[in-house]
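1. have a look; sequence and predicted model below, questions after that.
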Amino acid sequence: MFWSKNAKPSLEGMELAEQCQIEAEGLYRSGKYHCAEAVFETVRRHFAADIPESIVGTVSGFGFGSNSGCICGAVSGGTVALGLVLTDKKETTHLTKELHTWFSEKYGVTCCKIIRKTHKGACPVLTGEVTGKIAEMLGRK
């Protein structure tokens, strides 16, 4: 899919998960947010809008596998976003495990270094996909 930084897809009539997926991918592609920040900010906007945007800085260190190449920043940011939205620790733990399992099955690993080698250029797309998955999971509660 061609993507323009200036393009604004119409979100009218879309499922929330799909809206979140498109929005997070757009935030990543804008260059203003990296993977963890884009996931976290999109979830915040849709599920915890009363919390100020400045909180996004709490996940800034998770981008690019925490700058060491370890766990994917989108997954890390998503994990923190689940904790932001959910109040029940068991539910947060359950959905975090579901997210990690889903991601591992889809991409084979959660390691940023490996993903960036085996799925070159996939970061914007997987950032959106992680966000869409989180929105889908939160929509079930």
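-> Structure's in. What do you need?
2. if I pick the spatially most central residue of the chain, what's in contact with it?
-> Closest residue to the average C-alpha location of the chain: Val39 at 2.9 Å, with C-alpha atoms, centre = their mean. Val39 makes contact with Ala24, Ala74, Gly77, Gly78, Ala81, Thr127, Val130, Thr131, Ile134 under the criterion C-beta atoms under 8 Å, 6 or more residues apart in numbering. All C-beta atoms are positioned from the backbone trio N, CA, C, and that covers glycine.
3. now do the helix or strand where the fifth one lies: which elements does it pack against?
-> Ala81 belongs to helix 73-85 when elements are defined using DSSP states H and E. For helix 73-85, the contact count by 3 or more C-beta pairs under 8 Å, 6 or more residues apart in numbering; DSSP states H and E identifies helix 35-47, helix 89-107, helix 123-140 as packing neighbours.
4. okay, these in TSV with mean pLDDT and distance to Gly57 next?
-> As requested, the helices and strands packed on helix 73-85 are exported to TSV (pLDDT from 0 to 100; distance: least, C-beta to C-beta, whole Å):
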stretch	mean pLDDT	distance to Gly57
helix 35-47	97	8
helix 89-107	96	21
helix 123-140	95	18
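5. perfect, I'm done here.
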